[in-house]
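[1] Quick one, what's the 3D model for this:
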Amino acid sequence: MLGFVCVKFIWAGEKAAPAPRDTTPAVAPAGEGQPDGAGGQEQTGKEAGQAKAEEAAPQGKGAAEGAPEKPKQEEKAQEKAGKAAGEEKKTEQAGDRTEEHMLSKEACKKLMVLARQTVEAAVKGERIQPVQMDDPELQVKSGAFVTLKTHDALRGCIGRFIADQPVYKTVQEMAVASALEDRRFWDNKLRPAELPELDIEISVLSPLEKIANPLDIKLGVHGIYIRSGYRSGCFLPQVATETGWTKEEFLSNCCAHKAGLPPDAWKDRRVEVLTFTAQIIEEKDVKEEQKPAEGGK
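    Numbers count the residues shown, from 1 in each chain. You can find the predicted model right below:
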């Protein structure tokens, strides 16, 4: 049996029958300090204010003190524009990074073959063979979930967010955990007889990212991870699509049924709501791609 250290397992939810199932790289904000151009404009504004103050000086102290107000307003406007530009740039860079780390079809196939071989060995009680994959795509460090189903019924789903090892290693570890260690199925573990009907789904995760307003989540795109103290729970992005929940229902069900919190706990500012995205790899899709063209051998 493959020995591995997993810092933290996350049990994911699925639809009951069907029941619920269980980011961005650090970017230096581009508007945190004025760019050269804005600084030049700021200096020009100050000089203009001083000239107006000198012209107004004969009219009295009040007029001279009032003249610099315009430069102050311009400075505030420039600062605000700089921050907005920084946020926009940060968003663009986050999007670029997501696209860069989408796995190719070939890499997805390799992960699925690994997951299938590992699950079958684990269920049959065979020794799990450690693997070494040199594919650069699979060397990227990432969290992942492995979901197991038979006839659309959940049979195991465990994952981890910690991205401290190559994604293929995380997938192999989670494949073992989902097959043998999901506590919801300790009294009804996956059996060898079920393997021919087993469907495997892999979710390769982006880093977690805190969201200021939970209602800004995008259903079907964002997964959620809610935590408060020692309590936490998560839903994968596809749960919202499968259940048809609204944003409020998605958040409330995660609080109540996954994190053990009051349903409306997500409204409490002390409760952290984090989002993530996932590249979903389904075994049935990989199998379809491997089928020969009609009339071929």
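[2] pLDDT score for the closest residue to His151 other than its chain neighbours?
    Closest residue to His151 apart from its sequence neighbours, by CB to CB, 6 or more residues apart in numbering: Glu197 at 6.4 Å. The way it works is simple: take the backbone N, C-alpha and C, and place the C-beta from them, glycine included. Residue-level confidence at Glu197 comes out at 96, pLDDT.
[3] Also Ala77?
    Confidence score, pLDDT, at Ala77: 55.
[4] Could you verify that Lys287 is part of a strand?
    No - Lys287: not assigned to a strand; according to DSSP: H, G, I helix; E, B strand; the rest coil it is helix.
[5] And for it, the neighbour number?
    12 (other CB atoms under 10 Å).
[6] now swap in Glu201 and tell me
    Neighbour count for Glu201, taken as other CB under 10 Å: 21.
[7] Distance of it relative to Val171?
    Distance, Glu201 to Val171, using CB to CB, to the nearest Å: 11 Å.
[8] and for those two, which residues touch both?
    Applying CB atoms under 8 Å, 6 or more residues apart in numbering, one finds that Glu201 and Val171 are jointly contacted by Val146.
[9] would you list every one of the helices in the stretch 151-297 of the chain?
    Using DSSP state H, counting those that start in this stretch, the helices found in the stretch 151-297 of the chain span residues 167-180, 237-243, 247-253, 283-290.
[10] Out of the ones you listed, flag the one nearest Leu111.
    Proximity to Leu111 (CB to CB) singles out helix 167-180 among the helices of the stretch 151-297 of the chain, at 5.3 Å.
[11] I'd like the average pLDDT over the closest one.
    Mean predicted confidence for helix 167-180 is 97.
[12] now stretch 141-149
    Per-residue pLDDT values over stretch 141-149 give a mean of 97.
[13] how about CSV for the helices of the stretch 151-297 of the chain, with distance to Leu154 added?
    Output for the helices of the stretch 151-297 of the chain, formatted as CSV (distance: least, CB to CB, whole Å):
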stretch, distance to Leu154
helix 167-180, 10
helix 237-243, 11
helix 247-253, 16
helix 283-290, 15
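[14] if you compare the ones you listed, which one is most tucked away?
    helix 167-180 (a mean of 25; mean count of other CB atoms under 10 Å).
[15] Check which helices and strands it sits against.
    For helix 167-180, the packing partners by 3 or more CB pairs under 8 Å, 6 or more residues apart in numbering; DSSP states H and E come out as helix 105-123, strand 144-150, strand 153-160, strand 198-205.
[16] rewinding a little: burial measure for the residue nearest to His151, as a count.
    The burial count for Glu197: 10, using other CB under 10 Å.
[17] There's contact between it and Thr150 in this structure, I believe.
    Yes - Glu197 is within contact range of Thr150, at 4.8 Å (criterion: CB atoms under 8 Å).
[18] sorry, back to before: between the helices and strands packed on helix 167-180, which one is nearest to Pro192?
    Closest to Pro192 of the helices and strands packed on helix 167-180, according to CB to CB: helix 105-123, at 5.6 Å.
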